[in-house]
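# I would like the atomic coordinates for the input below:
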Amino acid sequence: MKKTSRGRRRIAMEAIENAAARQVCFSKRRAGVFKKAAELSVLCGAEIAVLAFSPSGKPFFFGHPSVDSVLAHFFSAWPAPPRPHHPLAGAPVQALGREESQLAELLEEERRRK
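Down below sits the predicted model:
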């Protein structure tokens, strides 16, 4: 009896040139990575957040207990940046911070609209 498949073989770790094949590979491997992350969180009680962007730029995420809680825990581990000591020195920084927030919101709206 002749073998019809080549079985499981090791593949070289290099970029996949064909866009369609790259998308298919991403979809299959993403599911595997998320499954392993879920297993790790259940077996070890770890808090996990996994964020992956597809080749087309679409974000996919997994988190246990949730992505937001893991990120909040992660970012609370570092102290906030030092504040300026002079009372007038903070005013331009605060205005720039507000402007940056507005621009980030506009960018997010454009991404959703796209």
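# on the three-state scheme, Pro55 is what?
Here Pro55 is recorded as coil under DSSP: H, G, I helix; E, B strand; the rest coil.
# shouldn't it be in contact with Cys25?
No: under the criterion of CB atoms under 8 Å, Pro55 is not in contact with Cys25, lying 9.2 Å apart. To be clear about C-beta, it is placed using only N, CA and C from the backbone, and glycine gets the same treatment.
# list the buried ones in the longest helix seen in the chain?
If you go by DSSP state H, the chain has its longest helix at helix 19-44. Within helix 19-44, the residues scored as buried using 16 or more other CB atoms under 10 Å are 26, 34, 37, 41.
# for the second one, give me its contacts.
Taking CB atoms under 8 Å, 6 or more residues apart in numbering as the definition of contact, the neighbours of Phe34 are 50, 60, 62.
# before we move on, what about Ile48?
Neighbouring residues of Ile48 by CB under 8 Å, 6+ apart: 37, 40-41, 62-64, 70.
# Trp78 versus that one, what's the distance?
Separation of Ile48 from Trp78 (CB to CB, to the nearest Å): 19 Å.
# restricting to C-alpha, output the lowest-mean-pLDDT helix or strand in the chain in CSV.
The helix or strand of the chain with the poorest confidence is helix 90-113; it has a mean of 78 (mean pLDDT, DSSP states H and E). The C-alpha coordinates for helix 90-113 follow below in CSV (Å, rounded to 0.1, in the frame of the first residue of the first chain):
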residue,chain,number,x,y,z
GLY,A,90,2.6,71.3,34.1
ALA,A,91,0.0,73.4,32.2
PRO,A,92,1.6,72.9,28.7
VAL,A,93,2.1,69.2,29.4
GLN,A,94,-1.5,68.8,30.5
ALA,A,95,-2.7,70.6,27.3
LEU,A,96,-0.5,68.3,25.2
GLY,A,97,-1.8,65.3,27.0
ARG,A,98,-5.4,66.3,26.3
GLU,A,99,-4.5,66.9,22.6
GLU,A,100,-2.8,63.5,22.4
SER,A,101,-6.0,61.9,23.8
GLN,A,102,-8.2,63.6,21.3
LEU,A,103,-5.9,62.6,18.4
ALA,A,104,-5.9,59.0,19.7
GLU,A,105,-9.7,59.0,19.7
LEU,A,106,-9.8,60.4,16.2
LEU,A,107,-7.4,57.8,15.0
GLU,A,108,-9.4,55.0,16.6
GLU,A,109,-12.6,56.3,15.0
GLU,A,110,-10.8,56.4,11.6
ARG,A,111,-9.6,52.8,12.1
ARG,A,112,-13.2,51.6,12.9
ARG,A,113,-14.5,53.5,9.9
